[in-house]
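Student: the following comprises the amino acid sequence and a computationally predicted model.
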Amino acid sequence: MVVVVGFYKFKKVNFLKKKKELINDLLIKNNIRGTIIISQEGINGSISGKLKDIKNALKALKTIFIFSTFDSSNISKILFQPFHRLKVKIKKELVPMNISLSTHTKKKSSYIEPEKWNSLIKDENTLLIDARKPFEHALGTFKNSINPHVNNFRDFPKFLNKLNKNRPIAMFCTGGIRCEKSSVYLEKKGFKNIYQLKGGILNYLNKINSKISLWKGECFVFDNRISVKHGLKVGTYSICSGCREPVSSKDKKSKKYEEGVSCIKCYDKLTQDQKERFRMRQKQIKLAKESGKKHIFQKEFS
């Protein structure tokens, strides 16, 4: 069994290169995989490993960054490794929006627990904003949510500027971090009634029973699970090796879908040379699987 944990913490951070080295050594020592981003405004990560190793890693991260709790975190268990390797990156911002966040930033936005979220978004006066990318919205979202149609998060403020300041705004994203920055931006622009789903979609799917849920579809995640459903169970989507876009069961019925090669979204865009190269890669994956060997694109079960 593999444990997957997503988390973030906004906190002023110095000596980034030194901390990157400490984190890298720590996670390698504990057999942890995943991606961690650090910047002068904090840490954001999604990692996986055995429960004992994850606990040790999280405890050590809190010590390195000198804090007791994450701003948000979520945990789930699966049968395979969702990450191929470990990556620790230094970036200017945890989420690229050209807005700096620190513990000194005064936030008035209200965190809404999953149990109270339904009541808020049922109010017809509430503007329900999906703060994710269009392809994520297409896989699943809350009923009556607004898709900003923004592929680059740096452009998100342009969408926010068009919103009505007199209406309550309820925002949600995968784990909550995009909403943190968006809410601060709205506050600076004079918006008053700003709400965000605490812990994001993942927290909602983990706590709310599907029978009373207002969520429709699945939630895209940036690892080999591809998508998750209620209870954070692994979803039904896979990834097209040709364009890296999510592929549904319905998409796989198309004549343009070929496992490891193409899907309906990229078939007409790929050259014949690209398709042949992808077919060769898929053949290598198949041969490795048949011989009992591991391949970089193969899921590892534990």
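Tutor: Nice, I can see it.
Student: how about low-confidence regions in the stretch 201-302 of the chain?
Tutor: Scanning the stretch 201-302 of the chain for pLDDT under 70 picks out the ranges 293-302.
Student: now the strands: where do they sit in the stretch 151-300 of the chain?
Tutor: Using DSSP state E, counting those that start in this stretch, the strands of the stretch 151-300 of the chain run over residues 169-172, 194-197, 215-217, 219-220, 227-228, 238-239, 246-247, 300-301.
Student: likewise the stretch 1-150 of the chain?
Tutor: 2-10, 33-39, 42-49, 72-78, 80-81, 86-90, 110-112, 127-130, 140-142.
Student: quickly list the domain ranges of the protein.
Tutor: Each domain of the chain is listed here as a residue range: 2-90, 110-218, 237-301, per automatic domain parsing.
Student: got the end-to-end distance for the second one?
Tutor: In this case it means domain 110-218. Terminal residues of domain 110-218 are spaced 25 Å apart (CA to CA, to the nearest Å).
Student: please begin residue numbering at 392 from this point
Tutor: Sure thing, new numbering starts at 392, so read that last one as domain 501-609.
Student: one step back: most packed of the strands of the stretch 392-541 of the chain?
Tutor: The highest mean neighbour count among the strands of the stretch 392-541 of the chain, using mean count of other CB atoms under 10 Å, belongs to strand 433-440: a mean of 25. (Each C-beta comes from the backbone N, C-alpha and C, glycine too.)
Student: outside of that one, which residues touch it?
Tutor: 393-404, 418, 421-429, 445, 448, 452, 456, 472-474, 485-486, 492, 568, 612-614 (CB atoms under 8 Å, 6 or more residues apart in numbering).
Student: chain center to it, what's the gap?
Tutor: Between the centre of strand 433-440 and the centre of its chain there are 11 Å (CA atoms, centre = their mean, to the nearest Å).
Student: export the strands of the stretch 392-541 of the chain to JSON lines and tack on distance to residue 551 and mean pLDDT?
Tutor: Listed next are these as JSON lines, based on distance: least, CB to CB, whole Å; pLDDT from 0 to 100:
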{"stretch": "strand 393-401", "distance to residue 551": "19", "mean pLDDT": "97"}
{"stretch": "strand 424-430", "distance to residue 551": "22", "mean pLDDT": "98"}
{"stretch": "strand 433-440", "distance to residue 551": "21", "mean pLDDT": "97"}
{"stretch": "strand 463-469", "distance to residue 551": "21", "mean pLDDT": "95"}
{"stretch": "strand 471-472", "distance to residue 551": "37", "mean pLDDT": "94"}
{"stretch": "strand 477-481", "distance to residue 551": "26", "mean pLDDT": "98"}
{"stretch": "strand 501-503", "distance to residue 551": "17", "mean pLDDT": "93"}
{"stretch": "strand 518-521", "distance to residue 551": "8", "mean pLDDT": "98"}
{"stretch": "strand 531-533", "distance to residue 551": "18", "mean pLDDT": "98"}
